[in-house]
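Asks: Predicted model and sequence follow; I will ask about them next.
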Amino acid sequence: MSKSAATKAAGAASKAAKKVSAPSSGKGGRARILHLHSTFATGGKEMRSAKLMNAFGNLASHDIVSAEPDHLEAADHVSPAIAMGFPEFPALKGKPLPGRLKRLAEKMQNYDLICTYNWGAMDAVMAHTLFADVYKLAPLVHHEDGFNDDEAVKLKRGRNLYRRIALGRTAALVVPSRKLEDIALNIWQQPRGRVQRIDNGIPVAAFHKKPKPDLLPGLIKRKDESWVGTVAGLRPVKDIPALVRAMTELPDYWQLVILGEGPERARIIAEAENQGIDHRVHLAGHVKAPEKVIGLFDIFALSSRSEQFPLSVVEAMAAGLPVVAPDVGDVASIVDESNAPYIAPAGDETALAAALARLAADPAARDSIGYANRRKATEEFDESKMVARYKSLYWGLMGRHKR
């Protein structure tokens, strides 16, 4: 995506946000849910949140606040039929002084449920813990989906202590991975009854159809090409330059196609030029409907320094693809056991490149692993199961009968 296209996309999201800037309505018996996000860009947790809003339909209205007010692109994925608002709200970022926390708590009044997401919303969690009784606030569910680059390798001691205190009054702490579940229980010292692990899910069947080779703007898959593909926000924690370097081990007919946008775009292009393979590295920008294009890949690859339960891996599995990735988060347990030889030790760039080269040279393995991955995705990770778990949790906390 060009700079002008990215600017246009951001402007469209801003325009959409302004159009629904008023608080959502709880009329008609709808539950009023407040969502306090670290960001509402098009990342994994944001897309899951949008899917849940769509799945709840007219049972709920949703007010959305982002710690990064300029990043509301995930709103484009919420159906126009859903009651959604972007109310005025104190900044989620700042020093956790008592006066500021009190102002945050005041704005949480008159909701049936409060949902917070990741470290960027932790001050709001603390505000709820301190002032829930004062303002008679609704139950709060905190969602943790992973860490940015500053905690990708090692969690910060001060943040761990802050989380322990802030999470003290939460009704539930939802995590998508076994690793995060372990962190919540043993590092953040949360009680077993509070921690809920809910696997992420996708509409598996939507990824079964083979895409046409010209679906990506300005890029056509030719008959003599094979594609390594990835879907990721272009951020340091995703370490896409490592994947670019791994591509140097593959023959020239292998192309690297990167779906996503972010601040690392220029660095990725520079690395491709430095390696002399810029002619076979393609940054195709953000794709609104990944189910329509992921099937163009022959191998799905990640190079992240940190992940928890990456939806992109499940999407690749649903599309019948083998996966090459570092052993981060739950990746090794998500893929089928036949895919295990191509999961490299975390942080070992040489091993990642070798795994990619082995799989690229073995079309029979790609086919058999892809088939097994699709079967596992169908059996374990369909989004209907995820929606049912979240609906049961949310509606139970609100004291409403699930409909």
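Replies: Sure, I can see it.

Asks: contacts, neighbours, all on C-alpha from now
Replies: OK.

Asks: ranges for the strands of the stretch 51-200 of the chain?
Replies: Remark: strands assigned in the stretch 51-200 of the chain by DSSP state E, counting those that start in this stretch are 60-66, 84-85, 113-117, 140-143, 172-175, 195-197.

Asks: Listing partners with orientation, what would you give for the fifth one?
Replies: In this case it means strand 172-175. strand 140-143 (parallel), strand 195-197 (parallel) (DSSP bridges).

Asks: Check the offset of that strand from the chain's centre.
Replies: Taking the mean of its C-alpha atoms, strand 172-175 sits 15 Å from the chain's own mean (CA atoms, centre = their mean, to the nearest Å).

Asks: Present the strands of the stretch 51-200 of the chain as CSV; the columns should include mean neighbour count, distance to Ile334 and mean pLDDT.
Replies: Shown next, in CSV, are the strands of the stretch 51-200 of the chain (neighbours: other CA atoms under 10 Å; distance: least, CA to CA, whole Å; pLDDT from 0 to 100):
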stretch, mean neighbour count, distance to Ile334, mean pLDDT
strand 60-66, 24, 30, 97
strand 84-85, 24, 33, 96
strand 113-117, 24, 23, 98
strand 140-143, 24, 20, 98
strand 172-175, 24, 15, 98
strand 195-197, 18, 14, 97
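
Asks: just so I know, which of these lies nearest Met247?
Replies: strand 172-175 (33.1 Å; CA to CA).

Asks: Where does pLDDT dip in the stretch 1-150 of the chain?
Replies: 1-22, 25-28 (pLDDT under 70).

Asks: quick one on the thing from earlier: as JSON lines, the strands of the stretch 51-200 of the chain with distance to His37 would be great.
Replies: Converted to JSON lines, the strands of the stretch 51-200 of the chain look like this (distance: least, CA to CA, whole Å):
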{"stretch": "strand 60-66", "distance to His37": "5"}
{"stretch": "strand 84-85", "distance to His37": "14"}
{"stretch": "strand 113-117", "distance to His37": "5"}
{"stretch": "strand 140-143", "distance to His37": "10"}
{"stretch": "strand 172-175", "distance to His37": "14"}
{"stretch": "strand 195-197", "distance to His37": "19"}
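
Asks: Tell me which of those lies nearest to Asp298.
Replies: Of the strands of the stretch 51-200 of the chain, nearest to Asp298 by CA to CA is strand 172-175, at 30.5 Å.

Asks: Now tell me what touches that closest one from outside.
Replies: With contact meaning CA atoms under 8 Å, 6 or more residues apart in numbering, strand 172-175 is reached by 140-145, 167, 181, 194-199.

Asks: ok, 10 Å please
Replies: Here strand 172-175 makes contact (CA atoms under 10 Å, 6 or more residues apart in numbering) with 115-117, 139-146, 167, 180-184, 190-200, 308-309, 390, 393-394, 397.

Asks: just to revisit the earlier point, could you dump the strands paired with strand 172-175 into a markdown table and include distance to Pro345?
Replies: As requested, the strands paired with strand 172-175 are exported to a markdown table (distance: least, CA to CA, whole Å):
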| stretch | distance to Pro345 |
| --- | --- |
| strand 140-143 | 27 |
| strand 195-197 | 25 |
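
Asks: I'd like to know which of those strands is closest to Phe131.
Replies: strand 140-143 (12.1 Å).

Asks: Name the residues that touch that closest one?
Replies: Contacts of strand 140-143 (CA under 10 Å, 6+ apart): 33-37, 45, 108, 112-119, 121-122, 124-125, 128-129, 132, 167, 169-176, 194-197, 393-394, 397.

Asks: Repeat the analysis, applying 7 Å as the threshold.
Replies: 113-118, 170-175 (CA atoms under 7 Å, 6 or more residues apart in numbering).

Asks: Can you tell me the closest non-neighbouring residue to the most centrally placed residue in the chain?
Replies: Using CA atoms, centre = their mean, the residue of the chain that lies closest to the mean C-alpha position is Gly44, 1.3 Å off. Excluding the flanking residues, the one nearest Gly44 by CA to CA, 6 or more residues apart in numbering is Leu311, at 6.4 Å.

Asks: thinking again about what came up before, looking at the strands of the stretch 51-200 of the chain, spot the one closest to Leu92.
Replies: Closest of those to Leu92 is strand 60-66, at 7.5 Å (criterion: CA to CA).

Asks: Show me what that closest one pairs with in its sheet, parallel or antiparallel.
Replies: Within its sheet, strand 60-66 is paired with strand 31-37 (parallel), strand 84-85 (parallel), according to DSSP bridges.

Asks: Identify whichever of the ones you listed lies nearest to Ala351.
Replies: strand 31-37 (35.7 Å).

Asks: In JSON lines, list the strands paired with strand 60-66 along with distance to Ser338.
Replies: As requested, the strands paired with strand 60-66 are exported to JSON lines (distance: least, CA to CA, whole Å):
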{"stretch": "strand 31-37", "distance to Ser338": "37"}
{"stretch": "strand 84-85", "distance to Ser338": "43"}
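
Asks: And those strands: which comes nearest Val328?
Replies: strand 31-37 (23.8 Å).

Asks: Need the contact partners of that closest one.
Replies: 26, 59-67, 111-117, 120-121.

Asks: CA atoms only: put it into CSV for me.
Replies: Extracted in CSV, the C-alpha atoms of strand 31-37 (Å, rounded to 0.1, in the frame of the first residue of the first chain):
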residue,chain,number,x,y,z
ALA,A,31,-26.9,-4.8,27.1
ARG,A,32,-24.6,-1.8,27.1
ILE,A,33,-21.0,-2.9,26.9
LEU,A,34,-18.0,-0.5,27.2
HIS,A,35,-14.8,-1.5,25.4
LEU,A,36,-11.5,0.1,26.5
HIS,A,37,-8.8,-0.9,24.0
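
Asks: ranges for the helices of the stretch 101-250 of the chain?
Replies: 122-135, 157-166, 178-186, 240-246 (DSSP state H, counting those that start in this stretch).

Asks: need these in JSON lines with distance to Glu380 and mean neighbour count, can you?
Replies: Shown next, in JSON lines, are those (distance: least, CA to CA, whole Å; neighbours: other CA atoms under 10 Å):
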{"stretch": "helix 122-135", "distance to Glu380": "31", "mean neighbour count": "21"}
{"stretch": "helix 157-166", "distance to Glu380": "31", "mean neighbour count": "15"}
{"stretch": "helix 178-186", "distance to Glu380": "15", "mean neighbour count": "18"}
{"stretch": "helix 240-246", "distance to Glu380": "28", "mean neighbour count": "22"}
